[in-house]
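1. With the input below, show me the fold.
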Amino acid sequence: MQYTLDSFTEWSTSQNGASEDALARQLELFVEVLQAQAGGPHGYRLRRIILTNFWLYGLQEFEIPHGRLFLAGENASGKSTVLTAALPLALDGDLRPNRLDTFGGRERHMEYYVLGGTESATPYSHERRTSYIALEFEWCDPDHPPIAPEFRQRWENGDQEKARFLTIGVSLAGNINASDHIRPLRFLITDGSRLGYELHTVYETGSRHDKRAFDHSRFKQQLEGHGIICDTQAEYERQVARYLFGFSDVKDFQKLINLLLVLRRPNLSSELSFSRVHDYLKQSLRKISGETTSHVIGTIERIDSIQVEKERIQEAYSAAERLHRSQQQLALNRARLAACDYTGAQLAEDSAQSRVTRLRRDLHTAELERGRADERAQTLQAEQYQVSGQIKALEASEGLQVAKQLASARERTHEAQAQAMLQEGLASAAGLERQRVRFEKMKAESAAHVRELRAMAAEESQWEVAAFQLEEALSQVNSISTETSSAPEVPASIPLLAGEQSEERITWLHQLEE
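-> Numbering: from 1, shown residues only. The predicted structure follows:
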């Protein structure tokens, strides 16, 4: 199952009122999910800050996924105390007051954090008390082994789990009645064991909720075979510098701690200047050997000479490239001109070849036609000789004379027939002219008769319809002509009005049409 921050928030809401063990287990799952996320610095990461009987804390663990932690809270809630325990107390084991105060003052003493006091805003006191401050680091570079030689050996042997965790810390035994109120015990756990898992700082006294911290003697017995007990603060510094940072010179480690003390101050922006920043950076950086400096100087000089040579070669290359492009363009133009000349000559040759081929074809055709013409001329000449002989033979025969006379008679017959047809046409035209004159005369009489009938119909009021009909008849009579192919339609009412004379005239008109 994949968990997210929202899913853990929902679970925490639903488990309101659950046991502390269940909530602690859920918090561990949440931390494991965050720790498994990609990202974070390589090498050693601060995984946990473990406090036992320190200040107001009984048994407190601060999980730090990805080696990062953001502390938020009100004033006097313990943020600076946790920071003091981690940086630099657990790193170098130095208990001096100026190391405990984030402002660098000397008012705070370790006795206050172990045995308590009444002068603070949160007064408390203990006669005897054993405190533990531990930092657990986790190696988070899967591609490279840890720094310490024994850890690297385990890593290379395949026992990476024992080289995964490194724990450093300080135990403080406080006794208000002793001459030394605070006796420190500095230790390193170097076999991969973890406080709270394989090793512990507290034990149960029999009561379910009563736990007490181990005293130094019992803690040493528990730690035997798992790590290192340092008798002095200098030895502790040297071991932490070697295991955690890989410093061969403890002074480099001390410079790092001093820089961390400067960076943790709340009023850092008001105290630092450019010169102090320069000094701090100079102190934090390792010294460079003369051999390395000479090697770097020589390398820089070689780089400069290589750069100069590179620029010279680049300039020569650019000039050669320009010359090469010009030569290529010149060769290309010459090739284009030669191609144009070749193309022109090829076109002229193709045209001449085509003309020669066409002339040869025409010559061959002319020779064939001349041969056929010669053959035709010979054939016609032979026919001419033959026909000439036949004509001479016919001219000498009597049948030819009779044929000539017959042809002459036929021509005269045709001329007579044409003359007869001409005379007949003239006679027919004269007859048609006489009929046309007669037709025009009868047409005029009919029109006059129709006008009389119309006048009579107009005089009689009951013949008003007839008058209109006669008007139409008059227009039809006027349209009668000998050129029309059909007779006009005459209204049936006209014969009833005009009597037999109108019927006779209409009959005559039909006969005339026929």
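2. quick check, L166 in a strand?
-> Yes. Under DSSP: H, G, I helix; E, B strand; the rest coil, L166 falls within a strand.
3. pLDDT wise, what is the residue lying closest to it once chain neighbours are set aside at?
-> Leaving aside its sequence neighbours, L166 sits nearest to F137 (CB to CB, 6 or more residues apart in numbering; 4.7 Å). C-betas here are computed from N, CA, C, even on glycine. We have a pLDDT of 95 for F137.
4. Quickly find the element holding F137.
-> Assigned by DSSP states H and E, F137 falls within strand 128-139.
5. next helix or strand past that strand?
-> Sequence-wise, the next helix or strand downstream of strand 128-139 (DSSP H and E) is helix 149-156.
6. Show me what that next one packs onto, helices and strands only.
-> On a contact count with 3 or more CB pairs under 8 Å, 6 or more residues apart in numbering; DSSP states H and E, helix 149-156 meets no helix or strand.
7. For that helix, list the C-alpha coordinates in CSV.
-> C-alpha atoms of helix 149-156 as CSV (Å, rounded to 0.1, in the frame of the first residue of the first chain):
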residue,chain,number,x,y,z
PRO,A,149,38.1,2.3,6.7
GLU,A,150,36.3,-0.4,8.8
PHE,A,151,33.0,0.7,7.5
ARG,A,152,34.3,0.6,3.9
GLN,A,153,35.6,-2.9,4.6
ARG,A,154,32.2,-4.1,5.7
TRP,A,155,30.6,-2.4,2.7
GLU,A,156,32.9,-4.1,0.3
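8. what angle do that helix and strand 128-139 make?
-> Helix 149-156 and strand 128-139 are oriented at 50 degrees to each other (axes from the mean of the first three to the mean of the last three CA atoms, to 10 degrees).
9. re earlier: and the strand holding F137, what's buried?
-> Judged by neighbour count (16 or more other CB atoms under 10 Å), strand 128-139 contains these buried residues: 129-139.
10. Which of those residues sits closest to E445?
-> Distance to E445 across these (CB to CB) is lowest for E138, with 148.2 Å.
11. in the sheet, who's paired with the closest one?
-> When bridges are called by DSSP bridges, E138 pairs up with R45, F165.
12. Got the confidence number for V477?
-> Looking at V477, its pLDDT stands at 61.
13. and G169, what does it touch?
-> G169 makes contact with 50, 90, 132-135, 186-187, 195, according to CB atoms under 8 Å, 6 or more residues apart in numbering.
14. mind redoing it with 6 Å?
-> Counting by CB atoms under 6 Å, 6 or more residues apart in numbering, G169 makes contact with 90, 133-134, 187.
15. Turn these into CSV, including pLDDT.
-> Shown next, in CSV, are the contacts of G169 (pLDDT from 0 to 100):
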residue, pLDDT
A90, 92
I133, 95
A134, 96
F187, 97
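16. ok, back up a step: the strand holding F137 - contacts with which helices or strands?
-> Applying 3 or more CB pairs under 6 Å, 6 or more residues apart in numbering; DSSP states H and E, we find strand 128-139 packed against strand 44-54, helix 110-115, strand 165-175.
17. 7 Å instead, please
-> Secondary-structure packing of strand 128-139 (3 or more CB pairs under 7 Å, 6 or more residues apart in numbering; DSSP states H and E): strand 44-54, helix 90-92, helix 110-115, strand 165-175.
18. between that strand and strand 165-175, how big is the angle?
-> For strand 128-139 against strand 165-175, the angle by the same axes, to 10 degrees is 170 degrees.
19. pretty sure F165 contacts R194?
-> Yes. Contact criterion CB atoms under 7 Å: F165 and R194 qualify, at 5.6 Å.
20. So for these two, which sits in the more crowded spot?
-> The neighbour comparison of F165 against R194 (other CB atoms under 10 Å) goes to F165, with 21 against 17.
21. show me the contacts for that one.
-> Applying CB atoms under 7 Å, 6 or more residues apart in numbering, we find F165 in contact with 136, 138, 192, 194.
22. Q283 now?
-> K255.
23. Could you pull up the mean pLDDT of the host helix or strand of it?
-> Here Q283 is covered by helix 274-284, with elements defined by DSSP H and E. Mean pLDDT, computed over helix 274-284, is 76.
24. okay, it in CSV with CA atoms only?
-> Taking C-alpha atoms only, helix 274-284 is exported to CSV below (Å, rounded to 0.1, in the frame of the first residue of the first chain):
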residue,chain,number,x,y,z
PHE,A,274,32.4,41.0,4.6
SER,A,275,35.8,40.7,6.3
ARG,A,276,34.5,38.3,8.9
VAL,A,277,32.8,36.2,6.3
HIS,A,278,36.1,36.1,4.4
ASP,A,279,37.9,35.0,7.5
TYR,A,280,35.4,32.3,8.3
LEU,A,281,35.6,31.0,4.7
LYS,A,282,39.3,31.1,4.8
GLN,A,283,39.3,29.1,8.1
SER,A,284,36.8,26.6,6.8
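25. Buried residues in that helix, which are they?
-> For helix 274-284, a neighbour-count test (16+ other CB under 10 Å) marks Y280 as buried.
26. measure G158 to P145 for me?
-> Using CB to CB, to the nearest Å, G158 is found at 11 Å from P145.
27. Pick out whichever of those two has more residues nearby.
-> With neighbours defined as other CB under 10 Å, G158 and P145 compare such that P145 has more, 16 against 7.
28. Below-threshold pLDDT in the stretch 301-450 of the chain: ranges please.
-> Applying pLDDT under 70 to the stretch 301-450 of the chain flags residues 394-395, 397-403, 405-406, 450.
29. Take the helices and strands packed on strand 128-139 and lay them out in a markdown table including distance to Y317.
-> Below are the helices and strands packed on strand 128-139 laid out as a markdown table (distance: least, CB to CB, whole Å):
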| stretch | distance to Y317 |
| --- | --- |
| strand 44-54 | 51 |
| helix 90-92 | 58 |
| helix 110-115 | 72 |
| strand 165-175 | 56 |
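30. hang on, the earlier thing: R325: which of the contacts of G169 is nearest?
-> Of all the contacts of G169, R325 sits closest to A90, with 71.2 Å by CB to CB.
31. Can you give me the neighbour number for the closest one?
-> For A90, the neighbour count with other CB under 10 Å is 23.
32. What is the one helix or strand A409 maps to packed up against?
-> Secondary structure assignment for A409, by DSSP H and E: helix 398-459. In terms of contacts (3+ CB pairs under 7 Å, 6+ apart), helix 398-459 is packed against helix 464-478.
33. quick one: L330 and Y57, what's the gap?
-> Spatial separation of L330 from Y57 under the definition CB to CB is 89 Å.
34. Who has more neighbours out of those two?
-> More crowded of L330 and Y57, by other CB under 10 Å: Y57, with 19 against 10.
35. Pretty sure that one sits against L51.
-> Yes. With contacts counted by CB under 7 Å, Y57 reaches L51, the gap being 4.5 Å.
36. residues in contact with the helix or strand where S217 lies?
-> Per DSSP H and E: S217 is located in helix 216-223. With contacts defined as CB under 7 Å, 6+ apart, helix 216-223 is touched by 171, 173, 185, 187, 199, 214, 229.
37. who are the neighbours in contact with the residue nearest to the last one when sequence neighbours are not counted?
-> Right, I229. Take I229 and drop its neighbours on the chain: the residue closest to it by CB to CB, 6+ apart is F187, 5.4 Å away. Taking CB under 7 Å, 6+ apart, we find F187 in contact with 169, 171, 223, 227-230.
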